[in-house]
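Student: pasting the sequence and the predicted model now:
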Amino acid sequence: MNKTIIVVPTFNEIGNIIVIYEKIFKAVENLNLLIVDDNSPDGTGVAADELAKRDNRVFVIHREKKLGLGSAYIHGMKYTIDKGFDFVVAMDADLSHDPVNLPRMIEMMKDYDLVIGSRYVKDGGMVNWGAGRFFISRLANFFCKGMLGIKQEDCSGGYKCYRTELLKKIDMNKIFSFGYSFQVEILYRALRLNAKVIEIPIVFVNRHEGKSKLSVSELLQFGRTVCKLRWLAWFNQI
């Protein structure tokens with residue numbers, strides 16, 4: 001497990017960063033944490049630096065400005081590949097992804113290339129979601145499955161554990177999605193490489209602190225990403 005690192009992108013998560021740090025290392029002590037902060041004006045980056053000073057398991061990347069969730073994950077994943085980690089866990093900083101699932105996800109990497117924390121398999125679910133957001137999420141997943149032929153139930157979820165060898169094969173430089181649609185693109189690219197993928201149930205809890213970063217422009221970009229992936233696949237360019 002000491003060859004496992006968790007990548008957590010942050011932007012204005014001062015109310016959550018300490019809590020997520022504590023919960024992660026309560027769940028699994030023998031791993032590492034990489035915080036990728038997009039110059040949060042609320043001091044999240046400063047708090048992350050303080051964590052790194054007192055805990056050598058914590059690393060911090062500071063970026064100039066807010067560049068998108070997918071961009072932050074790509075930056076963090078390139079770092080983990082360069083540093084020689086075996087497994088990379090992607091998770092949100094807002095406590096919507098419960099670290100209690102980490103031991104199981106990491107254990108399953110013995111047999112898989114990608115483990116997805118899924119909201120839509122048996123025993124998975126969501127808490128504190130309104131009907132509108134639930135409808136949008138389900139519609140987005142049906143759209144992905146129909147357009148791209150994805151069999152997994154949760155195409156857009158962000159709680160995943162990757163084998164870094166898979167990320168090398170995907171080639172992070174080829175990914176064009178820098179926002180939330182990154183999640184479906186990296187899953188689709190993994191499936192095109194015949195990666196061994198499994199879903200395990202998680203309960204997604206809507207954030208308690210801070211504001212959601214999801215916007216109408218992100219939803220439109222999601223649709224464009226799915227269409228572009230379908231187009232590229234049609235011409236065998238992915």
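Tutor: In hand now; what should we look at?
Student: who does the lowest-mean-pLDDT helix or strand in the chain touch, helix- and strand-wise?
Tutor: Ranking every helix and strand in the chain by mean pLDDT, DSSP states H and E puts helix 131-148 at the bottom, with a mean of 87. If you count contacts as 3 or more CB pairs under 8 Å, 6 or more residues apart in numbering; DSSP states H and E, helix 131-148 packs onto helix 182-192, helix 216-234. In this view, the C-beta of every residue, glycine as well, is placed from N, C-alpha and C.
Student: let's see 10 Å
Tutor: Here helix 131-148 touches strand 125-127, helix 182-192, helix 216-234, going by 3 or more CB pairs under 10 Å, 6 or more residues apart in numbering; DSSP states H and E.
Student: of all these, which one is nearest Val88?
Tutor: helix 182-192 (11.0 Å; CB to CB).
Student: and for Tyr159, nearest residue in space, chain neighbours not counted?
Tutor: For Tyr159, ignoring the flanking residues on the chain, the nearest one in space by CB to CB, 6 or more residues apart in numbering is Gly117 at 3.3 Å.
Student: quick check: phi and psi at the one you found.
Tutor: phi -80, psi 110 (degrees, to the nearest 10).
Student: sorry, back to before: looking at the helices and strands packed on helix 131-148, which one is packed in the most?
Tutor: Across those, averaging neighbours per residue (mean count of other CB atoms under 10 Å) puts helix 182-192 on top, at a mean of 22.
Student: which elements pack onto the next helix or strand after it?
Tutor: As assigned by DSSP states H and E, the chain's next helix or strand after helix 182-192 is strand 197-201. Applying 3+ CB pairs under 10 Å, 6+ apart, one finds that strand 197-201 contacts helix 102-107, strand 114-118, strand 160-163, helix 182-192.
Student: Thr225: which of the ones you listed is closest?
Tutor: helix 182-192 (5.8 Å).
Student: please save the CA atoms from the closest one in PDB.
Tutor: Extracted in PDB, the C-alpha atoms of helix 182-192 (Å, rounded to 0.1, in the frame of the first residue of the first chain):
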ATOM      1  CA  PHE A 182     -12.500  14.000 -17.900                       C
ATOM      2  CA  GLN A 183     -14.200  11.200 -16.000                       C
ATOM      3  CA  VAL A 184     -15.900   9.700 -18.900                       C
ATOM      4  CA  GLU A 185     -13.000  10.200 -21.300                       C
ATOM      5  CA  ILE A 186     -10.500   8.400 -19.100                       C
ATOM      6  CA  LEU A 187     -12.900   5.500 -18.500                       C
ATOM      7  CA  TYR A 188     -13.600   5.200 -22.200                       C
ATOM      8  CA  ARG A 189      -9.900   5.200 -23.100                       C
ATOM      9  CA  ALA A 190      -9.300   2.500 -20.500                       C
ATOM     10  CA  LEU A 191     -12.000   0.400 -21.900                       C
ATOM     11  CA  ARG A 192     -10.600   0.800 -25.400                       C
END
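Student: and it with helix 131-148, angle?
Tutor: 30 degrees (axes from the mean of the first three to the mean of the last three CA atoms, to 10 degrees).
Student: and helix 182-192, how far from the chain's centre?
Tutor: In terms of CA atoms, centre = their mean, to the nearest Å, the centre of helix 182-192 is set 12 Å apart from its chain centre.
Student: any idea of the mean pLDDT for that helix?
Tutor: For helix 182-192, the mean per-residue pLDDT is 97.
Student: ok and it relative to strand 197-201, angle-wise?
Tutor: Our comparison of helix 182-192 with strand 197-201, counting by the same axes, to 10 degrees, yields an angle of 130 degrees.
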